[in-house]
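Colleague: With the input below, show me the fold.
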Amino acid sequence: MRIATFNILHGRSIEDGHVDVDRLAAAVKTLDADVLALQEVDRDQPRSLGADLTAVAAEAMGAVDSQFVAALSGTPGGTWMAATGDEQPGSASYGIALLSRYPVISWRVVRLPALRAIVPLWSTWTHRPYLARDEPRVAVAAVLEGPFGEFTVCNTHLSFIPGWGALQLRRLVRSLTGTREPLVLMGDLNMRTEQAVRSSGLRSIAAARTFPAPQPSRQIDHVLVRGSVRVGGPAEAVQLPLSDHRALVVRCEGF
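Modeller: Numbers count the residues shown, from 1 in each chain. Alright, predicted model coming up:
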């Protein structure tokens with residue numbers, strides 16, 4: 001069973017700045033994942049050609065079940081608000097998606113606490129301070145009927161504000177107490193492995209640098225687990241012709 005997480009940057013290439021849904025579909029096929037977590041996913045956004053990127057990825061990988069969960073309703077960088085889950089079909093939204101080649105027994109959405117304050121941060125790109133405002137964050141979990149029995153997978157994209165993402169991760173893990181194990185929690189956690197493990201109480205099964213994509217210097221995308229999971233080899237950070245992240249892929253051989 002191949003598990004992968006990929007922040008797709010709404011399908012945009014950092015080389016040419018364009019969104020190409022065929023390029024996204026080809027990238028998803030390359031990953032050949034049985035369970036795939038996507039972050040920064042658009043639906044009905046002008047910048048991504050009005051496409052449903054979850055549907056594009058689901059068709060490309062042969063998913064039998066998938067779910068897109070909006071974090072934002074409206075246009076990021078423009079007029080937007082926190083999504084509630086009651087958005088009308090066809091309305092522009094942005095969030096995360098979980099896709100599976102295995103049947104889903106149940107779905108669960110967890111909306112995470114948002115930091116409302118504007119926070120001064122230091123940019124490693126411009127080497128200047130700037131004022132950062134976070135966006136709403138969400139997680140989606142599914143109980144799957146996999147080849148080794150039932151297990152839970154959760155996908156999320158946490159805050160980049162130092163400390164706040166760790167609080168969100170702790171809240172998320174607590175919300176999953178009692179769910180079917182093994183538990184696999186993955187996504188763009190915007191923190192290094194040590195903090196992700198310490199904040200979650202889970203263990204990492206995928207070590208590879210994922211960001212920035214051309215020459216990755218750190219790992220901020222993770223696959224964390226609780227329960228017995230047998231890993232079938234080292235994880236791989238796959239560079240694809242889109243996004244500023246590399247996809248993180250790990251093979252599991254059983255529970």
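Colleague: Let me see the confidence value for residue 182.
Modeller: We have a pLDDT of 97 for residue 182.
Colleague: List the residues that contact the residue of the chain positioned farthest from its centre.
Modeller: Computed with CA atoms, centre = their mean, the residue of the chain farthest from its C-alpha average is residue 128, at 28.2 Å. Counting by CB atoms under 8 Å, 6 or more residues apart in numbering, residue 128 touches residue 122. In short, each C-beta sits where N, CA and C put it, glycine included.
Colleague: For residue 211, see how far away it is.
Modeller: 20 Å (CB to CB, to the nearest Å).
Colleague: Likewise for residue 251?
Modeller: 22 Å.
Colleague: that's a helix at residue 98, yeah?
Modeller: No: looking at residue 98 with DSSP: H, G, I helix; E, B strand; the rest coil, it is strand, so not inside a helix.
Colleague: burial count for the nearest residue to it once chain neighbours are set aside?
Modeller: Using CB to CB, 6 or more residues apart in numbering and skipping the chain neighbours, the partner closest in space to residue 98 is residue 155 (4.6 Å). By other CB atoms under 10 Å, the residues close to residue 155 number 26.
Colleague: Strands of the stretch 101-250 of the chain, start to end?
Modeller: Listed in chain order, the strands of the stretch 101-250 of the chain (DSSP state E, counting those that start in this stretch) span 104-112, 119-122, 129-132, 137-146, 149-157, 183-188, 203-204, 221-226, 230-231, 236-238, 247-254.
Colleague: Please identify the pairing partners of the second one and their relative orientation?
Modeller: On the basis of DSSP bridges, the sheet neighbours of strand 119-122 come out as strand 129-132 (antiparallel).
Colleague: Please save the CA atoms from the strand it pairs with in CSV.
Modeller: Coordinates of each C-alpha in strand 129-132 appear next as CSV, following Å, rounded to 0.1, in the frame of the first residue of the first chain:
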residue,chain,number,x,y,z
PRO,A,129,10.1,41.5,8.9
TYR,A,130,6.4,41.3,7.8
LEU,A,131,3.0,41.1,9.3
ALA,A,132,1.4,37.7,8.8
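Colleague: Return the distance of it from the chain's centre.
Modeller: Centroid separation for strand 129-132 versus its chain: 24 Å, with CA atoms, centre = their mean, to the nearest Å.
Colleague: and that strand, which residues are buried?
Modeller: Residues of strand 129-132 classed as buried by neighbour count (16 or more other CB atoms under 10 Å): residue 132.
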